[in-house]
Every structure is written in C-alpha cells, then in structure tokens.
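> sequence unavailable; structure follows:
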C-alpha cells in the first residue's frame, strides 16, 4: 500500500508491502529496514531501524499525528492512495461547486443541511458511517445547497451522489 506522508511539511512516498508475513518498507523508493513493537496502549513504541533503536511517542488521529523521537517533535500527515484520490476529487470539485459524492460505501447516519442552505468550505454536510466509523462529509466549496440526494439511514456505494452545491450562489 502506498502512503503519502508529510513530515513537518515535507512529503515522502512510503510503500508498505507484506509478503509471506514479512513487511517490506520503502521511503521515496529506497528500502528501509524497519520493525517496531508497541510498549503500551498510550502510543509508546520501540522502533528498530538500521541497527538502531528509538523510543517513539505517537499522539493524534489516524491521519494527523504528532511523533516525538528523542525530544524532537514531528508533525505528520498521512494519506493512503484512496484518500489521496478522494481529496484530489474534492479539490477539483471545489473549483466549480457541483456534486459531492461518497468516497466509500456506507450508511448515511445524519443529514446536516437542506436545499437552500448556505454552506461554507469545510462545513459538515452529512455523517456517513463506513467500516464502523462515522465520517463527516464536508463541503468542498462555499455556496448554496441545491439538492440533497441521500436519505438518512440509506446505504450508499462509493461514488454515490450525496449533495449538489452551487458555488455561483455563494453570496446569496
């Protein structure tokens, strides 16, 4: 699996491949010898790399974390290939308004907007439950909600139409 990892603003491509129970890691195409062991349930790890061991503390959410190694704090942002594609689609959509689609299959738990509502960039539109996690689907643009295509409790597939937004009416 490919991960796009930003460490203090600098992007790296990290690939993890598991074959026959062994994990192979590359960073920007360069193989990295890496293994780790969890020390406790509070994000403390022992990381072994290149014959060196490191005490590592990990705090934060899955895609936005802070890592501390030997007293140095690193701000880390992680996107996998699927998230990268979904975020790229969101960015493209933001340029023109239009249709907000589901990036994964799930069930619509809550609808937070109605046709005619003015929304701002990043404002939650609805809550989608996927893989036992609730995900807020946010507006990629400022504008006016034209139509809500999903119903509360409805199962939707990846790519399903959720909400239409008209960015041209952002000032009304």
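Done, it's in. This structure is a prediction, so every number in the text was calculated from the model and none was measured. Numbers count the residues shown, from 1 in each chain.
> which residue lies nearest the spatial centre of the protein?
Central residue of the chain (CA atoms, centre = their mean): residue 83, 5.2 Å from the mean position.
> any idea of the pLDDT on that residue?
In this model, residue 83 is scored at 82, pLDDT.
> is it true that it lies in a helix?
Yes. With DSSP: H, G, I helix; E, B strand; the rest coil as the criterion, residue 83 is located in a helix.
> gap between it and residue 63?
7 Å (CB to CB, to the nearest Å). Where you see a C-beta, it was placed from the backbone N, CA and C, and this is true even at glycine.
> farthest residue from the center of the chain?
Here the chain reaches farthest from its C-alpha mean at residue 51, the gap being 32.5 Å by CA atoms, centre = their mean.
> got the phi/psi numbers for that residue?
Taking degrees, to the nearest 10, you get phi 80, psi 0 for the backbone angles of residue 51.
> kindly report the same for the one 4 residues further on.
Dihedral pair for residue 55: phi -90, psi 120, per degrees, to the nearest 10.
> how many other residues sit next to residue 138?
Neighbours of residue 138 under the rule other CB atoms under 10 Å: 16.
> residue numbering should commence at 20 henceforth.
OK, 20 is where the count begins now, so the last one is residue 157.
> I'd like the distance between it and residue 119.
9 Å.
> identify the contacts common to the two.
Common contacts of residue 157 and residue 119 (CB atoms under 8 Å, 6 or more residues apart in numbering): residue 144.
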